[in-house]
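Undergrad: What follows is a predicted protein model with its sequence.
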Amino acid sequence: MQPRTDSPHAPTAGEGGEPAERAMSLAERLAFCRQAFRRIIGAPDYEVYLARHRRIHPEIPPMSEKEFFRFAIERRYSKAGPRCC
């Protein structure tokens, strides 16, 4: 017997397997695009910093968003050495 392909819903874990993909919500897609854009241009991502900080240093309060961006800019542009621009 062949499996039915006209099922009104995708199978779940209890129905014989995992669905092929979970649809991303609009908010998730926008967050993904924002993160990808920031990585392309080299901008720091405060949300990623917060998640990592909570995981590694839960006992130390994280920097504020303003402090984080100031730190990231100083770290990026304070490197000594020859530059092309």
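TA: Right, received. Where do you want to start?

Undergrad: surely D45 meets Q35?
TA: Yes: with contact defined as C-beta atoms under 8 Å, D45 reaches Q35; the gap is 6.0 Å. Using the backbone N, CA and C atoms, a C-beta is placed for each residue, glycine as well.

Undergrad: quick one, helices of the chain?
TA: 26-41, 46-56, 65-77 (DSSP state H).

Undergrad: Please produce a markdown table containing these, extended by mean pLDDT.
TA: Below are those laid out as a markdown table (pLDDT from 0 to 100):
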| stretch | mean pLDDT |
| --- | --- |
| helix 26-41 | 88 |
| helix 46-56 | 92 |
| helix 65-77 | 88 |
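
Undergrad: Including mean neighbour count, could these go into JSON lines?
TA: Below are these laid out as JSON lines (neighbours: other C-beta atoms under 10 Å):
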{"stretch": "helix 26-41", "mean neighbour count": "11"}
{"stretch": "helix 46-56", "mean neighbour count": "12"}
{"stretch": "helix 65-77", "mean neighbour count": "12"}
